[in-house]
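> After the sequence you'll find the predicted model.
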Amino acid sequence: MKADSFIYWGRPIYMLCNGCECPSGYGVYQDKTMVVKYTDIDYHVFTDASRFVTQGESPYNRSTYRYTPLLAWMLLPNIYATPHFGKLLFVTCDVLSGVVLYHILCLRGLSSNAACRFCALWLLNPLPIGVSTRGNAEALLSLLVLATLLCLELKRFFMAAFFYGLSVHMKIYPVTYALPIALYISTHGKLETQKRGVFRILQRLFNKELVLFTAVAGAVFFWLTLAFYCLYGWDSLNETYLYHVTRRDIRHNFSPYFYMIYLTAESEWSLVLGLVSFLPQLVLVLLASLAFHADLPFCCFLNTAIFVSFNKVCTSQYFLWYLCFLPLILPRLRLSKRQGVGLLLLWFAGQGLWLMPAYYLEFEGHSTFVYIWLAGLLFLFSNSFIMVQIISHYIPETVQRRKKKE
């Protein structure tokens with residue numbers, strides 16, 4: 001890399017580090033002096049779980065800890081060194097995600113300077129900075145998923161499988177990438193293979209690269225899960241995975257299913273309704289995987305956006321699951337500035353309309369459940385419209401390759 005490019009690339013990282021110091025330093029002050037704390041409650045849950053581990057007990061002795069024990073083990077320095085270690089780790093993962101994004105963009109044909117500009121959209125984005133400095137662990141998943149994509153671009157299937165297996169162990173949502181990854185490896189990302197029909201694609205699923213990927217990813221997931229099962233028993237399986245499948249959260253959130261789950265919380269049909277709510281996600285993710293797997297970053301973006309938008313629980317930190325793909329999508333998105341700003345304002349407006357009744361419910365004690373539900377439906381419609389516009393104006397990588405050949 002040229003010296004000027006290195007300086008240009010170092011600038012956003014330097015700005016991010018300085019930008020993170022401000023909220024981190026202010027967060028310490030706010031936690032000590034104000035009633036409303038800056039640090040997210042989940043971070044205290046992580047730290048308490050790590051404390052139980054240091055005492056030779058199960059991290060699940062901490063109520064509401066519903067994550068893999070690996071996270072509690074990773075945050076042991078919160079107990080032995082400084083309680084701010086986890087936040088520093090999450091911010092570091094944000095920076096490393098920017099580095100990974102840069103390399104993927106360069107592999108996809110962008111110049112060094114152009115790649116830096118698109119990476120800055122992630123590195124200088126206040127949402128991931130705020131989420132990480134408040135102590136949420138979403139940055140870990142973003143880094144693992146992006147590292148998987150980078151290794152796949154480099155045809156390093158062993159490392160890609162390792163990162164993918166680890167990401168699914170950490171949280172279950174990356175399993176939505178399994179089908180597009182399998183199709184991508186089997187077809188080598190070529191559009192021409194798609195024209196031979198679904199049966200031909202299924203035949204190509206059995207090749208040595210895909211077998212290697214499946215074996216390694218499965219082994220990483222299986223042995224980590226088995227090891228923690230041996231240590232902590234059924235709780236490790238139930239709290240890490242099964243809870244999230246059968247979860248019925250009656251607290252207000254962005255999900256269009258929120259009000260239904262709230263009203264049927266005591267019903268005998270509650271569990272069935274919760275499981276049925278996965279059907280729209282399953283169908284849409286399947287269709288998106290079959291249609292767009294040749295451009296893997298774009299397909300992962302769509303699958304994640306669909307999963308989050310139609311999930312039965314949806315909070316603002318889930319948005320990071322698909323926002324980390326945006327720097328990879330924007331270079332091939334043919335939207336005018338006016339259209340882009342319009343879609344961005346629509347996305348923020350949908351959140352704003354939801355936050356208003358949510359505020360009156362949580363802080364003023366008014367019964368605004370119906371308004372929250374209606375705002376959640378409107379937010380779903382706006383997200384669906386945005387996804388349709390992105391699909392309509394996106395030029396897949398395979399189309400660009402074909403144009404260059406012609």
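On my side now, so go ahead.
> Next one, pLDDT for the most centrally placed residue in the chain please.
Nearest to the mean C-alpha position of the chain, by Cα atoms, centre = their mean, lies Trp321 at 1.9 Å. Looking at Trp321, its pLDDT stands at 93.
> again, but for the one 4 residues further on
Per-residue confidence at Phe325 stands at 95 (pLDDT).
> so what's it up against?
297-298, 300-301, 304 (Cβ atoms under 8 Å, 6 or more residues apart in numbering). Bear in mind the C-beta positions are built from the backbone N, C-alpha and C, glycine included.
> who wins for most neighbours among these?
In terms of neighbours by other Cβ atoms under 10 Å, those top out with Cys300 at 30 neighbours.
> distance of that residue from Leu154?
16 Å (Cβ to Cβ, to the nearest Å).
> which residues of the stretch 251-400 of the chain score low on pLDDT?
251-252, 265, 269-271, 274, 397-400 (pLDDT under 70).
> all helices of it, in order?
258-263, 270-276, 278-292, 296-309, 320-323, 326-329, 337-362, 369-393, 397-405 (DSSP state H, counting those that start in this stretch).
> Please work out which of the ones you listed is packed deepest.
Comparing the helices of the stretch 251-400 of the chain by mean neighbour count (mean count of other Cβ atoms under 10 Å), helix 296-309 ranks first with a mean of 25.
> Compute the inter-axis angle for it and helix 278-292.
170 degrees (axes from the mean of the first three to the mean of the last three Cα atoms, to 10 degrees).
> can you list the residues that contact helix 296-309?
Contacts for helix 296-309 (Cβ under 8 Å, 6+ apart): 104, 108, 145, 149, 152, 173, 176-177, 180-181, 184, 189, 281, 284-285, 288-289, 292-293, 314, 318-319, 321-322, 325-326, 328-329, 332, 380, 383-384, 387, 391, 394, 396-397.
> chain center to it, what's the gap?
Relative to its chain's centre, helix 296-309 lies at 9 Å (Cα atoms, centre = their mean, to the nearest Å).
> same question, stretch 157-175
12 Å.
> Quick one: mean pLDDT for that stretch?
For stretch 157-175, the per-residue pLDDT averages 95.
> How about stretch 224-239?
Rounded mean pLDDT across stretch 224-239 is 91.
> Can you give me the end-to-end span of it?
End-to-end distance for stretch 224-239: 15 Å, by Cα to Cα, to the nearest Å.
> Equivalent analysis for stretch 75-90, please.
11 Å.
> Any regions of the stretch 51-200 of the chain where pLDDT drops low?
188-200.
> Swap in 50 and give it another go.
191-195 (pLDDT under 50).
> hang on, isn't Gly350 packed against Leu377?
No - Gly350 lies out of contact with Leu377 (Cβ atoms under 8 Å); the separation is 10.1 Å.
> Name the nearest residue to the residue nearest to the centre of the chain, sequence neighbours excluded.
Thr304 (4.9 Å; Cβ to Cβ, 6 or more residues apart in numbering).
> Nearest approach to Thr92 belongs to which of the helices of the stretch 251-400 of the chain?
helix 320-323 (15.5 Å; Cβ to Cβ).
> ok, the residue nearest to the centre of the chain to Pro69 distance?
22 Å.
> Asn136 too?
18 Å.
> do the same with Val99
With Cβ to Cβ as the criterion, Val99 and Pro69 are 28 Å apart.
> okay, the two: which has more neighbours?
More crowded of Val99 and Pro69, by other Cβ under 10 Å: Pro69, with 25 against 16.
> Find the nearest non-adjacent residue to the more buried one, please.
Phe228 (4.6 Å).
> now do Asp235
Once flanking residues are discounted, Asp235 sits nearest to Tyr60: 4.2 Å by Cβ to Cβ, 6+ apart.
> list the contacts for that neighbour?
Counting by Cβ under 8 Å, 6+ apart, Tyr60 has contacts 49, 69, 232, 235-236, 239.
> let's see 10 Å
49, 52, 66-67, 69, 72, 232-236, 238-240 (Cβ atoms under 10 Å, 6 or more residues apart in numbering).
> Let me know the closest of those residues to Asn253.
Of all the contacts of Tyr60, Asn253 sits closest to Arg66, with 15.5 Å by Cβ to Cβ.
> Name the SS class of that closest one, please.
coil (DSSP: H, G, I helix; E, B strand; the rest coil).
> Give me the distance between it and Phe379.
Counting by Cβ to Cβ, the gap from Arg66 to Phe379 is 25 Å.
> same question, Leu231
Applying Cβ to Cβ to Leu231 and Phe379 gives a distance of 40 Å.
> Next, give phi and psi for Phe325.
The phi/psi pair for Phe325 (degrees, to the nearest 10) reads phi -90, psi -10.
> same deal with the one 10 residues further on?
For Leu335, the backbone dihedrals (degrees, to the nearest 10) come out as phi -110, psi 140.
> show me the contacts for it.
341-343, 389-390, 392-394.
> could I get those residues as CSV with distance to Val370?
Listed next are the contacts of Leu335 as CSV, based on distance: Cβ to Cβ, whole Å:
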residue, distance to Val370
Val341, 31
Gly342, 28
Leu343, 28
Gln389, 29
Ile390, 31
Ser392, 33
His393, 35
Tyr394, 36
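> What is the nearest of the residues you listed to Leu210?
Tyr394 (26.0 Å).
> Please tell me I have it right and the closest one contacts Leu326.
No - if you go by Cβ atoms under 10 Å, Tyr394 and Leu326 don't touch, sitting 11.9 Å apart.
> what sits in contact with each of these two?
Joint contacts of Tyr394 and Leu326 (Cβ under 10 Å, 6+ apart) are 301, 333.
> tally of neighbours for Arg334?
Arg334, neighbours per other Cβ under 10 Å, totals 9.
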